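[1] How does the following fold in three dimensions:
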Amino acid sequence: MLSGACPWPVQPLGLLAAGAGSGIGRAVSVRLAQEGAAVAACDLDGAAARETVQLLGGPGSEKRAHAAFQTDVSEAGSARRLLEQVQACFTRPPSVVVSCAGITRDEFLLHMSEDDWDKVIAVNLKVGNMGQTNYSASKAGVIGLTQTVARELGRYGIRCNSVLPGFITTPMTQKVPQKVLDKITAMIPVGHLGNPEDVADVVAFLASDDSGYITGASVEVTGGLFM
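    You can find the predicted model right below:
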């Protein structure tokens with residue numbers, strides 16, 4: 001499932017953001033657009049991706065420089081078609097790719113269906129939590145994948161890092177009961193949940209030349225929760 005539109009010739013692409021329809025993905029898109037990047041915003045919810053594009057601007061990057069795409073990143077064929085459409089739209093592949101797509105299907109291990117396990121692994125692939133065996137496994141896989149990609153592609157000048165957000169105020173965490181959030185907040189040394197912009201700032205650094213000697217790293221943005 002993939003759809004996109006590029007009715008105009010645009011400047012070379014800076015960013016391909018998956019999961020750009022809300023939360024951290026939207027904040028990353030806005031932040032890098034402010035830095036002058038042209039953004040290809042993709043999301044399973046095409047309307048949400050288009051809403052993100054409407055928010056984009058920034059110095060050196062006019063709104064016409066951005067495009068929205070609808071895609072399911074859990075399907076390999078869909079991901080390949082996305083890259084083909086993005087490259088056709090922006091005339092060259094992205095120089096920065098940020099995957100913010102993520103889902104949860106929480107349940108205790110003995111009660112978890114194979115379908116819920118597979119869906120989370122397919123989309124997400126540090127810290128474990130009760131009822132989140134599939135989510136924790138997928139995130140551990142992300143760290144391993146990051147290190148492997150960094151080692152294999154470093155010779156080509158390609159860096160790969162992962163960002164490990166803590167409890168960030170997003171549509172996903174809004175589903176968590178308030179009493180649970182209160183307990184978690186009490187455990188965070190800085191005393192509050194994070195904002196998507198907190199994560200976007202770290203992504204912007206990792207996407208810049210200022211982090212040119214950083215690869216294979218996993219950076220926690222947790223307010224100190226897991227110290």
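
[2] Send me the one helix or strand residue 163 maps to as CSV with only the CA atoms.
    Using DSSP states H and E, residue 163 sits in strand 162-165. These are the backbone C-alpha positions of strand 162-165, laid out as CSV (Å, rounded to 0.1, in the frame of the first residue of the first chain):
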residue,chain,number,x,y,z
SER,A,162,19.7,4.8,16.8
VAL,A,163,17.9,7.0,19.2
LEU,A,164,16.2,5.5,22.3
PRO,A,165,13.4,7.7,23.5
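
[3] Run through who's touching the next helix or strand after it.
    Counting by DSSP H and E, the next helix or strand C-terminal to strand 162-165 is helix 178-187. For helix 178-187, contacts defined as CB atoms under 8 Å, 6 or more residues apart in numbering pick out 167, 173, 191-193, 225. Any C-beta I mention is one placed from the backbone N, CA and C, and that applies to glycine too.

[4] How about stretch 216-227?
    Under CB under 8 Å, 6+ apart, the answer for stretch 216-227 is 126-127, 143, 146-147, 150-151, 160-168, 184, 187-194, 198-199, 202, 206.

[5] Now restrict those to buried residues only.
    For the contacts of stretch 216-227, a burial check counting by 16 or more other CB atoms under 10 Å picks out 146-147, 150, 160-168, 188, 193-194, 198-199, 202, 206.

[6] ok, what's across the strand from residue 39?
    residue 15 (DSSP bridges).

[7] Hmm, residue 33 and it touching each other?
    Yes: counting by CB atoms under 8 Å, residue 39 touches residue 33, with 5.2 Å between them.

[8] For the residue nearest the centre of the chain, give me its contacts.
    Nearest to the geometric centre of the chain sits residue 100, at 1.3 Å (CA atoms, centre = their mean). Each residue near residue 100 by CB under 8 Å, 6+ apart is listed here: 17-20, 23-25, 28.

[9] Which single one of those is nearest to residue 47?
    residue 20 (12.1 Å; CB to CB).

[10] Quick one: neighbours of the closest one, just the number.
    Per other CB atoms under 10 Å, the neighbour tally for residue 20 reads 33.

[11] my guess is it meets residue 51, correct?
    No: judged on CB under 8 Å, residue 20 makes no contact with residue 51 at a distance of 9.7 Å.

[12] and residue 141, what pLDDT?
    You'll see residue 141 listed with a pLDDT of 77.

[13] Which segments of this protein make up each domain?
    11-101, 104-160 (the TED database).

[14] got any ranges where this structure has weak pLDDT?
    Across the chain, the ranges flagged by pLDDT under 70 are 1-13, 58-64, 101-139.

[15] the helices in the chain, which residues?
    Here the chain has its helices, by DSSP state H, at 23-34, 46-55, 76-90, 114-124, 133-153, 178-187, 196-206.

[16] Now distance to residue 216 too, for those helices, in CSV please.
    Formatted as CSV, the helices of the chain follow (distance: least, CB to CB, whole Å):
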stretch, distance to residue 216
helix 23-34, 20
helix 46-55, 29
helix 76-90, 22
helix 114-124, 19
helix 133-153, 3
helix 178-187, 29
helix 196-206, 12
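
[17] Of the ones you listed, which stretch is the most buried?
    helix 23-34 (a mean of 25; mean count of other CB atoms under 10 Å).

[18] what helices or strands is that helix leaning on?
    Identification of packing neighbours for helix 23-34 by 3 or more CB pairs under 8 Å, 6 or more residues apart in numbering; DSSP states H and E yields strand 15-18, strand 39-43, helix 46-55, strand 96-99, helix 196-206.

[19] how about CSV for these, with distance to residue 66 added?
    Below are those laid out as CSV (distance: least, CB to CB, whole Å):
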stretch, distance to residue 66
strand 15-18, 9
strand 39-43, 5
helix 46-55, 5
strand 96-99, 14
helix 196-206, 16
